[in-house]
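Student: I need the structure of the sequence given here:
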Amino acid sequence: MQMTKHPTTSAPLVRRHYIDGPFGQIHARCHGAGTPLLLLHQAPMTSAQFDHVYAPLAKHGIMAVGIDMPGFGGSDPTPDVPTIGDYAQIIPAVLTAFGLERAALLGITPARSSPQKPPYGFRTWPLP
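Tutor: Numbers count the residues shown, from 1 in each chain. Below you'll find the model as predicted:
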């Protein structure tokens, strides 16, 4: 993936994408090339929560993809109050849109939440 430079700062741009998903459009930001890493924000944030890590991850050979979960940021909402399962349903659409068969997942959850297994049998692998 070729990096596009910001017109005034010459810094590499974080590219914005809209992906068709199970609840409408999914907004995602992508920066870098290499090992894919999906960044899942905490509620009520957006993928902008990761703005400070896109460039450092890219420098380490990681393609960082920040996703706005349904109902947050630029992503369309679910028809009802979303569940963890609803959030998991958008992952296949994101993988397909970027031509990926698999990716590592990084998610942030409030301390009061219990740990969750990766949804629907998604697997991850160690990052370089």
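Student: where in the protein is pLDDT low?
Tutor: For the chain, residues meeting the criterion pLDDT under 70 lie at 1-12, 109-128.
Student: mind listing the strands for it?
Tutor: Using DSSP state E, the strands of the chain run over 15-21, 24-31, 35-40, 62-67, 104-107.
Student: Would you indicate which residues of the last one are buried?
Tutor: Buried residues in strand 104-107, counted by 16 or more other Cβ atoms under 10 Å: 104-106. Yep, even glycine has a C-beta here, placed from its N, CA and C like the rest.
Student: Tell me the strands beside that strand, with direction?
Tutor: Strand 104-107 has its sheet partners listed here by DSSP bridges as strand 35-40 (parallel).
Student: Now tell me what touches the partner strand from outside.
Tutor: Residues outside strand 35-40 that contact it (Cβ atoms under 8 Å, 6 or more residues apart in numbering): 47, 50, 53, 57, 61-67, 69, 87, 91, 94, 98, 100, 102-108, 127-128.
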